[in-house]
Every structure is written in structure tokens, then in C-alpha cells.
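Participant: Compute the structure for the input listed below.
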Amino acid sequence: MAWRFHPSKFKNTTPKTPKKEDTIFDVPVGTLSSGNNGIQCSSSLISFNLDGEGGVAFRGKLGVLPVDARGRRQRKDMTIVCAHSEPLNDFTFFPFDANLLATCCRDERLKLWRIDNPLECRSIGDASAVLDLGADFYLECLAPHRTASQLLAAAYDSRVGIVDIAREAVALEMRVSSLDEHINSIAWSYDGKLLAALGDKGRHGAILDPRCNEPVADSLNVHGGSGRECRVIFAGIGKIVTSGFTNQRTQEIRLFDARNWRSAEHVQEYSPSTGVLLPLYDDDTKLLLLAGKGTNRLIITEIQSKAPVVSPVFEYVMHDQCVGACLGSKLRLDVMNGEVVRFYQLAKNCINPVSCIVPRRSYRDFHADLFPETVGPFPGCDSAEWLNGSDLQVLRFLQLYFRFDRLNDDGREREKFSPMRVSLDPSRKGELIATVKVNRRPQQHEVNANIERKESVETARDDSVEKATTAEEHANSNGNANLPSSSPEPPERQMVEETIIIDKPVVETKPEPAPEEPVRFRPVSEDANRDINRTGSRLSRVRSIVGVTSKYRHVETVPGGQHGTFTNVRSVNTRMPTESNAFCVSSKYAAIPLSGYAGIVSIVRVRLSEVCKLPDGVIDGVQNHTLLTDLIWNPFDESRLACGLDSGTVNVWTIEDTDRPLSQLEPSAVYKTKMPLEICRYNPCALDVMAVAAQDHWLSVWNLESNKCEWSTNPHGRDSSLAIAWSSDGRKLASVGRDLTLSVYEPQCGDSENALINRKQVLESPRAARILFACRDTLIVLVHFTRSSARVVTLLDSETLETIHTHTVDTSSQPLVPYYDFDSSVLFLTGKGDRTITMFEMLVSLMLYHPAYRLLDLDLDLFIARYNRQHPGRPPLGSIAIIETHPSLCLSFFFPLGANQMRLKVSHASPFLMPMAPASFPNGHQAISLHHKIVCDVRAVEFQRGWRLTEKSLERISFRVPRVKKDLFQSDLFPRALATWIPVMSASDWFAGHNQPPLFLDLCPEGMKQYISSPVPPVRRSLMQSEQEEQRRETAPPPPAHTQTIGDCRTEALRAAAREDRKLVGRNELVEQNWR
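Facilitator: The predicted model follows:
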């Protein structure tokens, strides 16, 4: 079978976002600018950089915690190592001594710190050992040896020294003549023979063999740019990965192979940034994790032996910006839950352990294919043996059920972990077995490997027993235990596999606590129990492993390609105001603002049958004769374009399908205000109702039928608006301004005082912001900047404006622009100059609480249905009135259970933003714009379609969900769609205070069967709301008769155009496949 049909078992590796109680928070890390990774982890300890106390500048301090520490950890709750008086250059743990930490500073000596009791929570100022390597040695970086103990590589200037910790001296020293400046990063190979060095700010590198007469084995020309930091690591046998920058300040990684060190085997560029990508490699899974400093993206790739050498796996968006990163010990993985790698992120005030999990159907059994033999805790040789030429490798063990008891009260380990594996053979139940590959003499084939370990209360004796056992093991492995002293030393060595059996149970049996009885109103029937258990066994295990995930998470972003891209686009206006739409499309046309002060807007027909290269020469377009500030298509008429101008005028253009030049057209309507316009937005439900924000700080709502301003207010005093947005039902209008406040109005209620619903300060910086309503208008999505230029998404309650959730996207100078799809609840985020589109599915789940009990259920509808089924004689909960509303979207219910009334509280719980696969493009874009839902090709499982504008092209983009049975209608992905292209009332009816519910249409094509039935959930309303709506329904005049007719005509026209586009897309895709 071909190589492409052998997918890796790690291709579906998925990071799991930790809960807050599983993180370490309130850690005084601060914003650090150190040149190291910021955090290091051993099998028992975790160490990280600390900010200075009381505002003092950072002065070489480290915080140390047990690796299993969780919760709030302040200075008084951790061990602080006062390492140096100057900032730390590097620090690292030794792989074969989990409690030994090495630190270095540019102007001080190499120091060793032994931390046996991390729970003492004290400050340590006296090092266990101080190594003076010389008067002029300015240490830059450290790298402990991978196979030998008591050996450390240290870089200073353009030299590398091999430090023998046992003798406290430099055993070997090498000068890298190919490096002009100091060395920035060094790394050992996995067999411990070679050393890679990267210097000159990432431009040059070298491969060193320290024990040869000529230590410089080869030189490398690496990155073209010069950054402040760079990294080099070995990625398996014979491969190295370097991380640096291009000459355009773009993050870059290069992969080199031992067969040709001179040229890179693979080069991959990422986004422009000032922070270097930290490469972290796991040799067991071949996964390469890339974490960018100053960003919140974790890029997971896989190193393969055949093309593609670097295969993308997952791009994970973290909640916080990354200050540092490292990988956890393999001995700490939760292997029985599919955790293959643990990634530690050091943020500004927290440490987040991110588990990378391979999803499997069941985790009841151990998946041996995911966990090959891993490196054990015992070295292959010591420093003296390695310096004398020994290449003994580290013992490797299978990582099933590694024993590692918790710490005693004094902080010491009760018993060292046993680097063995548990036998899966039932006849060997309870035996510890290790398969050891060691270098052996060919004469000896059997070894007495029965080792008896004795327990002791004293920790010192435990350590001595372990050292004696290790020494005996290595003596037997080296062939010196059972052989006479006169036996000659053989010139060759071979690999022999032996089995060590220790008669000792691997895990102490502990009595399991009795499960708590769930809270029920009355005994449940067996049928109900059977249904609940069946559902829970199918879903709860998967959710407990990978959490709640989006059904759109594997979204495919399909670009237009050759037959879906307008080329030769010229003179695009790249200086549109940040408050405006830089580009917009309707179902028929695309409006592209051109550069210059004449306000020219080019119109392009976006029917797929007319995709072509735009003609050369003078660009035709509508001319506004003044500076353009904003533009938007009428959502109910794809041929009417509104242009806001700097002169305080709104020109409405009607585009005709004629051969008449656009430059000869005149505006079909002109609306004038007193001050220059900044933003204009159509009402999504009412015809010819527009909200306008002007530079005179006033927000007004216009009736375009009568050409009058019917409502106005000053929401931000002397400051102007940054963004405005309508709710999906067309009732609420929100505005966020430069005074850092957000105001929500209901203009139908009268003047500004009566119309104001709430006002609150929500911003940190007045640079730029965007808002929109989401989740059926219960949330407000606020996209803004922080003081540190981080682009942040904040979810607010639309009624109380309380902050529900905050998510940091990345750091950039351009603001993010959000786009929201009502039906799928997908949030699209991108900005000017970005090459990616970040997508999230917004989900607000319900949690049901009782004051005297724990959580009762996660789904209110499921709970109510279950209650009604179990209590048929009582009043159904579906008719219970909501009597109180609390902040943060909390609702309170009274259940009529007779005299014993029960009060329950329903609140929304995380996750709120479920990440989806981001869309990546080869070049940056100016803006994107999305179509109405009716244009989507549901047969191809396309849930959204849009266009992407660059400086030279206009490209169609399609968002699809991969499904197998595309011949069936995917009703779970396509619910009844909100008809945003059909108005539900006229402008006069809207200003009269009438409200009509939005229209929802079925997107299922004729003759297409449904794959999953999606019943419409019941709507629960309060008694007061029901009475008010009944009175409005009686007093409200009937809707205009022509509204539905126009909507039907528009729907049929759009569906016909979509059918033509679908046929053309299928034909073009077939042509492209045949051409390939």
C-alpha cells in the first residue's frame, strides 16, 4: 500500500484545555523578557522564572513547586531560589537527578541547587555547588547530557565547554570558528554523541563531536534574519530543528538531516512576530510542538521519515499569552486516558498544563501502540565513562503504571518510582517486568536478575538501596558481576534483551470510596435508568477525555482556486477607517473601495459564471466625489449599496445590469447629516431602517422611506463611537465608544433616557473595538485591544453587561473584525493583513443547581423532560414561569411541588468558545465578507460562503464540514435558517413600535432526505411575557401583504442562483482534478 494510505496514529492528537482548578494560578510571573524557555520540568519538580518583588526589577529568581501542584500559588506558597543577582540566562534540570537544578548567569558562575523538599516554601540562597569555570566565561546557555550522568554542556561566547559535575571542572572545550558572535542555543543528540550549536542570532550553526580531535563536524547556514532569540533541538536520530526568523521578521523553522547538513530538508514559515517559536520535541511520538513567545498559539506537527517531513496535526489557541513553555516528564502521563504528551505553558500569572490526547473509542484497556518504550530514569554511564569513549544508552522501559507515590510531610518522596512495566499476562498479575536493552559481551547470555528491594522508613536508606540496586544492575549489564577478573575485554559489543522480574505489586490497593447516591425526586423506573445509562456510557467517557467539542471543529476552508478568483484587482483602498467595512458583498455584487479622495467604489459581479481576470485600463466604479468612510449593501436588496461619506452624506446607489458605465450613474437616494459619518448599519429585520454614527458624537436611526431622523442620542458624551451593532431581532442597538463604555439601547421605547437599557465600562484601550450580538441576542461579543496590544474576545451578558468569558486571541497592531453566523453560531475572527481566519463555535451550556446539593444536570431541557416523565401526576415543568433574572445569565425557577417548594438556579457554564480548525492562506488579506445562508451549497455540506479581498485578487472562500453521507441532508448542521434576506416589517411599522418575529426557513433541497431529525425545541416563556405578547398580537396591525410575497420571490431567486453556482463549482472542481 502506498505511503499516503498509512496515516499516523498521532494525526488526531488533540490538546485538552485544562480547567482552572487543574492549573496553577496567581503565580507572580509577570511580563518577562528573558532569553530562556522560562519554565523547566523534571519528573518531580517544576521551576519557572519569577518577577521581582515589590516592583523591583527582575533579578535572577526562580520559583519551584512539586510537579503535581495545583490551585493558587503565591510567593509564600512556593520555594524561591535566589539564584543570581543578575537576570538568569538559562536554567535546567538534570534528566537523571530530578531534584538537581543548574542555573547560569552571564556575569556569574555556574550554580547547582538541590531541592529535596519543595513543600517547605522557603527562600534558598546557598547553592549546593558553585563551579568556577574561569574568570572570562560569560555563560549563555546550558544543556545536560542525555545518556551520561554528571555531565553538562555550557556555551560561552563562541565556545562550548563540557563540564564534569563530579570533578567540578571543564573536561572538554571547543571553539566554533564559524560563529562570529556568541552562541545562543545548544542541544545534545538522543544518543549523546553529537552536540548542535546555534549562534549569530540564528544565522549560523554547527554540529560538534566533542570527543574527536576536530570537534566541529560540520557548519550550517540557517536563518536569513537576525532575531534576539533562536533555538536548536535534535528531532530524533540524525535530524535537527532550528527556530529563528527570516529577513522579514517572520517566524521560521528549518529541519536538517544528517545526510546533508549543508542544506535544509524542510523550511516552514509562520506569521510575523517578535517572539521566537519554542520547539519542543517528543521522541516517542515524533510530535514537534511549536509555542510562540508572546502569542497564544500552540502548533502541533509530526516529524515523519517520508514526505511530508513536517506534517501539521493541530493548531491550538490558548487562553493566555505564552511567556515560556516546556514538556512534562513522560513518567507523569495519564496513559490510561490516552495522554501522550503534556505541555506546560507559562503565562503572565499562571501555569497551564495542557494534555495532548489521542482520541480512542475506549480507554478501558491500555493502548500499547500509543506508548512505545520510553527513556528510563537511570543513565547509561557516568561522566568519566563517557569521556573515556563509552556510548552506553539509557535503559528504556514501557510506561504502563509507573509508580510514583506522593511526597511525605517533609517533602521527600516516600519511595522512588520503579522504572518497570506491569505484565498484561494474567499468570503474571502483580509482577513488575522491565525489558532492558543493554550493551553486553557476546560470551554472556544469562544474568541473575532477581533483585530484591526492601522497604525502609528512612528516606536516606531508600536512596542508598536504590543506588545499590542501580549499581548492581549496571555491574551486571557491563559484565563485571559474574565474570572472572581475568576475562579479556572484547573489542565488540552487541545488543541483548533481558527480563527483570520483581515480585512486588505495582500499585497499592486502596479502598474505593462509596459512590454518592444521586439526588432524585422519587425512585426512577428501570426503563428510565436504562435509557440514562445507555446515553451516559456513550457520551460521558468521550466528553471526559477531550471535553465538549464543536461539530464544526474539522471545518475545511476551501479557496476558490483558478475558477473562483478574480485577478488583476488594482488600486484597493488600504487606508479605510478601522470603524468601517473595508469591503462588502451581496448575493450578486462585491463592492471594492478604491484608493484616492474621490470615493470611487468598484463593483464586481460575484456570480461564479463571471469569475475572470478584471480588464486592464481605467477602473470603472461609482463616484462619490468625496472621501469614503463606510459602505454596506442593503440586506434585502442585493443591488442597493449605501456609501457613508466624509461630507456627512449617505449615497445610495442602485446597480443595474446594463452596459452603462458605472461612472455615469447617479445616486438613487441621498441622505444628509450635519457631521461626517463614521458608521452606518441596516436594521436586520425592518426595511429601510438605518443606524448612523457620526463624528459629532451622535448616534441616530433614520427612516429611509421618509428621509427623516426618527431617533438620536449621545451615547459617549464628547467621544465618538468605535462600533455599533443591531441585535438579530432588530430591537436593540449597541454602541461602544472611545470613552471605554458600552451602551445598549432599544430605540422603539422613545427618547434616549427611556431607550437606554444599560451602560458600563468594558474596554481597556480606546484604539479600536467591534461588537455584535450572538446566541439569540443573549450575549454581546466584544473584540478589542488590551493595554499590551493583545487582541481579546470578551463575552458579555446583553442585559447586565457582566463579563462572562474572556479569551485572548493573539497580539497584533491591526484590530480583529468579528463575523457571526446565526444558524451555526460560528464566530469568524480576522483582521487586516492577517493570513488566517480564526473560528470558534459559541456555546453557552446550562447548569442546574440546588442550594443543598451538588450539580443535578447539565441540560435543562433533558432535566425537565426526565422530570416530567418520572412525575406524570405533577404539573409539568415546561409550563413553569421564570420569575427572576440574575446576572451572568442566571435564571431562577420555582417548581410547584406542594408545600415543599424547591428553588433551583440555572446558570450558563463553560466552554463558551469551542475552537475550530483555523483557515490559513498564502498571503494576507484586506478584509473578508460573508453571504446570506441561502447562497450556501448544503449538498456539499457548506455552512458558510464568502469572499476574501487582497491587494491583487478577490477570492471565493467556502467553509465546509467533512461528512461521509453527503447525499443526505445534514440537519444537525443546517437547522432552520434565519432569513436575513427577507424583511419582516416596514420602516413605518418598526418606528410605530410593532415587532414581528424573524422568519426561519428550511434549507433542505427538494428530494433530499434528512440524515438526522432535528425537532424544534419548545420555547418556555414567563406568564408576564406571554400576556404582553398576546396583547401586542391583538393590537398590532397585520403585516403588509407584499412582505411575504417579496420574500418568497427573493428566496426563489437566490436559490436558483445558488443552484447555478453549485453546478459550476462541481464542473470546475472536476476540471481541476483532471488537470492535476
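Participant: all helices of the stretch 651-800 of the chain, in order?
Facilitator: Counting by DSSP state H, counting those that start in this stretch, the stretch 651-800 of the chain has these helices, from start to end: 752-755.
Participant: Which residue ranges of it form strands?
Facilitator: Remark: strands assigned in the stretch 651-800 of the chain by DSSP state E, counting those that start in this stretch are 669-672, 677-682, 689-694, 699-703, 708-713, 721-726, 733-737, 741-745, 756-761, 769-774, 779-785, 790-797.
Participant: residues of the helix or strand just after the longest one that come out buried?
Facilitator: Past strand 790-797, heading to the C-terminal end, the next element that is a helix or strand (DSSP states H and E) is strand 803-811. Applying a neighbour-count criterion of 16 or more other CB atoms under 10 Å, the buried positions in strand 803-811 are 804, 805, 807, 808, 809, 810, 811. In this view, the C-beta of every residue, glycine as well, is placed from N, C-alpha and C.
Participant: and the angle from strand 803-811 to strand 790-797?
Facilitator: Direction vectors for strand 803-811 and strand 790-797, defined by axes from the mean of the first three to the mean of the last three CA atoms, to 10 degrees, enclose an angle of 160 degrees.
Participant: which helices and strands sit right next to strand 803-811?
Facilitator: Other elements packing on strand 803-811 under the criterion 3 or more CB pairs under 8 Å, 6 or more residues apart in numbering; DSSP states H and E are strand 790-797.
Participant: And the strand it packs on, what does it pack against?
Facilitator: Helices and strands in packing contact with strand 790-797 are listed as strand 779-785, strand 803-811, strand 816-821, strand 826-831; criterion 3+ CB pairs under 8 Å, 6+ apart.
Participant: Let's see that strand as PDB, backbone CA atoms only.
Facilitator: Taking Å, rounded to 0.1, in the frame of the first residue of the first chain, the C-alpha atoms of strand 790-797 are listed here in PDB:
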ATOM      1  CA  ALA A 790      -3.300  41.800  22.700                       C
ATOM      2  CA  ARG A 791      -6.400  41.100  20.700                       C
ATOM      3  CA  VAL A 792      -9.100  39.900  23.000                       C
ATOM      4  CA  VAL A 793     -12.600  38.500  22.700                       C
ATOM      5  CA  THR A 794     -14.900  39.200  25.600                       C
ATOM      6  CA  LEU A 795     -18.400  37.800  26.000                       C
ATOM      7  CA  LEU A 796     -20.900  40.000  27.900                       C
ATOM      8  CA  ASP A 797     -24.400  39.500  29.100                       C
END
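Participant: got any ranges where this structure has weak pLDDT?
Facilitator: When the per-residue scores of the chain are filtered using pLDDT under 70, the ranges that remain are 1-6, 31-33, 52-59, 135-136, 395-548, 608-609, 844-911, 1011-1076.
Participant: per-domain residue ranges of this structure.
Facilitator: As assigned by automatic domain parsing, the chain contains the domains 3-370, 375-408+417-442+494-506, 556-843+914-960, 977-1075.
Participant: got the residue ranges for the helices in the chain?
Facilitator: Secondary structure of the chain (DSSP state H): helices located at 383-387, 459-477, 526-546, 752-755, 860-870, 987-991, 1023-1035, 1041-1075.
Participant: What residues sit buried inside stretch 959-967?
Facilitator: By neighbour count on 16+ other CB under 10 Å, the buried set for stretch 959-967 is 959, 960, 961.
Participant: Restricted to strands, list those residues.
Facilitator: Using DSSP state E, the subset of those located in strands is 959, 960.
Participant: just the buried residues of stretch 959-967 now: which is nearest residue 336?
Facilitator: Looking at the buried residues of stretch 959-967 and their distance to residue 336, the nearest is residue 961, at 31.6 Å (CB to CB).
Participant: Let me know the distance separating the closest one from residue 39.
Facilitator: In this structure, residue 961 and residue 39 are separated by 37 Å, where distance is defined by CB to CB, to the nearest Å.
Participant: Equivalent analysis for residue 567, please.
Facilitator: In this structure, residue 567 lies at 48 Å from residue 39, with CB to CB as the measure.
Participant: Just want to know which of those two has more residues nearby.
Facilitator: Here residue 567 and residue 39 are compared on neighbour count by other CB atoms under 10 Å; more neighbours surround residue 39, at 21 against 13.
Participant: Just give the closest residue to residue 328, not the sequence neighbours.
Facilitator: In space, and not counting its chain neighbours, residue 328 is closest to residue 342: 3.7 Å by CB to CB, 6 or more residues apart in numbering.
Participant: Report the contact partners of the one you found.
Facilitator: Contacts were defined as CB atoms under 8 Å, 6 or more residues apart in numbering; by that measure residue 342 touches 327, 328, 332, 333, 353, 354, 355, 356.
Participant: For this structure, which residue occupies the most central location?
Facilitator: Averaging the C-alpha coordinates of the chain gives a centre point, and the residue nearest to it by CA atoms, centre = their mean is residue 317 (1.3 Å).
Participant: Residue 829 is in contact with that one, correct?
Facilitator: No: counting by CB atoms under 8 Å, residue 317 sits too far from residue 829 to count as a contact (9.9 Å).
Participant: Which residues are in contact with each of those two?
Facilitator: Overlap between the contact sets of residue 317 and residue 829, as judged by CB under 8 Å, 6+ apart, is given by 809, 838.
Participant: Let me see the contact set for residue 593.
Facilitator: Counting by CB under 8 Å, 6+ apart, residue 593 makes contact with 572, 573, 576, 582, 583, 599, 600, 601, 602, 628, 631.
Participant: Residue 967 now?
Facilitator: residue 1008.
Participant: From residue 938, how far out is it?
Facilitator: Between residue 967 and residue 938 the distance, using CB to CB, works out to 12 Å.
Participant: next one: residue 237
Facilitator: With distances defined as CB to CB, the gap from residue 237 to residue 938 amounts to 50 Å.
Participant: Between these two, which is the more surrounded one?
Facilitator: A side-by-side neighbour count of residue 237 and residue 938, using other CB under 10 Å, places residue 938 first with 22 against 10.
Participant: What are the boundaries of the strands in the stretch 901-1050 of the chain?
Facilitator: Read by DSSP E, counting those that start in this stretch, the stretch 901-1050 of the chain holds these strands, from start to end of the chain: 902-909, 913-915, 919-920, 927-930, 942-949, 953-960, 977-978, 1000-1001.
Participant: Turn those into JSON lines, columns for distance to residue 818.
Facilitator: As requested, the strands of the stretch 901-1050 of the chain are arranged in JSON lines below (distance: least, CB to CB, whole Å):
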{"stretch": "strand 902-909", "distance to residue 818": "20"}
{"stretch": "strand 913-915", "distance to residue 818": "12"}
{"stretch": "strand 919-920", "distance to residue 818": "15"}
{"stretch": "strand 927-930", "distance to residue 818": "11"}
{"stretch": "strand 942-949", "distance to residue 818": "13"}
{"stretch": "strand 953-960", "distance to residue 818": "15"}
{"stretch": "strand 977-978", "distance to residue 818": "17"}
{"stretch": "strand 1000-1001", "distance to residue 818": "23"}
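Participant: Show me the one of the ones you listed that comes nearest residue 267.
Facilitator: For the strands of the stretch 901-1050 of the chain, distance to residue 267 was read as CB to CB. The smallest value, 16.3 Å, belongs to strand 919-920.
Participant: Report all helices and strands that the closest one contacts.
Facilitator: Packed against strand 919-920, as judged by 3+ CB pairs under 8 Å, 6+ apart, are the following elements: strand 836-842.
Participant: Now residue 912. Nearest residue, chain neighbours left out?
Facilitator: Distance criterion CB to CB, 6+ apart; nearest residue to residue 912, sequence neighbours excluded, is residue 805 at 4.2 Å.
Participant: list the contacts for the one you found?
Facilitator: Contacts for residue 805 were tallied using CB under 8 Å, 6+ apart; they are 794, 795, 910, 912, 913.
Participant: follow-up on the earlier one: so which of the domains of the chain comes closest to residue 549?
Facilitator: Proximity to residue 549 (CB to CB) singles out domain 556-843+914-960 among those, at 6.2 Å.
Participant: Flag every buried residue along stretch 162-173.
Facilitator: For stretch 162-173, the neighbour count (16+ other CB under 10 Å) marks 162, 163, 164, 165, 170, 171, 172, 173 as buried.
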